[in-house]
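Return atomic coordinates for the entry below.
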Amino acid sequence: MANLQKIIAFIISVVLLTPLVQGFGVTSAYWDTNPLNLHPGEEKIVDLELQNMAGGEDIALLAKVTEGADIAKLLNESDKYLVPFGRKDVMVKVLIKLSPDAVPGETLTVAVSFTQVADESNGEMIQMVSGVGKKIPILVVSDQPVEETQASFLTKVGSSWSTILIVALVILAVALLGFLLLRKRMDSS
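All right, here's what the predicted structure looks like:
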């Protein structure tokens, strides 16, 4: 009798949880160990791919930038996407643009969420059903490697000192020449 109750409880659980299974997903070319590398002030369009490979029905998704809205925006005309059943190539274009003040070495994140909405073709209000999200990690990179930046700094400092030394020697030579001319004048008077 106890086994029969467990079996019935299991069947009821499966039936109740089945609507929670999502038949859609989103993929990106960037993840935690493969971030998008951008220089300060640089911009790039990133493609996210929506998939609908399970469930047997077309779905409508509502997209929204939920993190990093100050550096990212959706480029498609609408924020609603129809993903037909069996498709895994519905593109969502996201423009990511870094500020010129972005600090090399800094890691930023852009997150886009996709919420499934019920079909509104029958005149009913939009109803949220379920959702997924995708994070795009961004690594701010320098225009030059660190070693080259330090070397160029030392070169600039060295060339500055060379210039100062040359100017100082010229001033010293002019002052010495002026002193000698003044002394010669005083001796002849």
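
okay, CA-based contacts and neighbour counts for the rest of this
OK.

quick one: contacts for the spatially most central residue of the chain?
For the chain, the residue nearest the mean C-alpha position is residue 138 (3.5 Å; C-alpha atoms, centre = their mean). When contacts are counted by C-alpha atoms under 8 Å, 6 or more residues apart in numbering, residue 138 touches 35, 36, 37, 38, 107, 108, 109, 110.

hmm, 7 Å instead?
35, 36, 37, 107, 108, 109 (C-alpha atoms under 7 Å, 6 or more residues apart in numbering).

And it, how far from residue 176?
Residue 138 sits 61 Å away from residue 176, going by C-alpha to C-alpha, to the nearest Å.

Quickly list the domain ranges of the protein.
22-140, 145-189 (automatic domain parsing).

Let me know which of those domains is tucked in deepest.
domain 22-140 (a mean of 16; mean count of other C-alpha atoms under 10 Å).

circling back: measure the residue nearest to the centre of the chain to residue 33 for me?
For residue 138 relative to residue 33 (C-alpha to C-alpha), the value is 11 Å.

Then residue 181?
Taking C-alpha to C-alpha, one finds residue 181 at 73 Å from residue 33.

got it, and residue 187?
82 Å.

ranges for the strands of the protein?
Secondary structure of the chain, counting by DSSP state E: strands at 24-27, 36-38, 43-52, 59-67, 72-74, 80-83, 90-97, 107-117, 128-140.

among those, which is nearest residue 170?
Distance to residue 170, taken as C-alpha to C-alpha, is lowest for strand 128-140 among the strands of the chain, at 45.5 Å.
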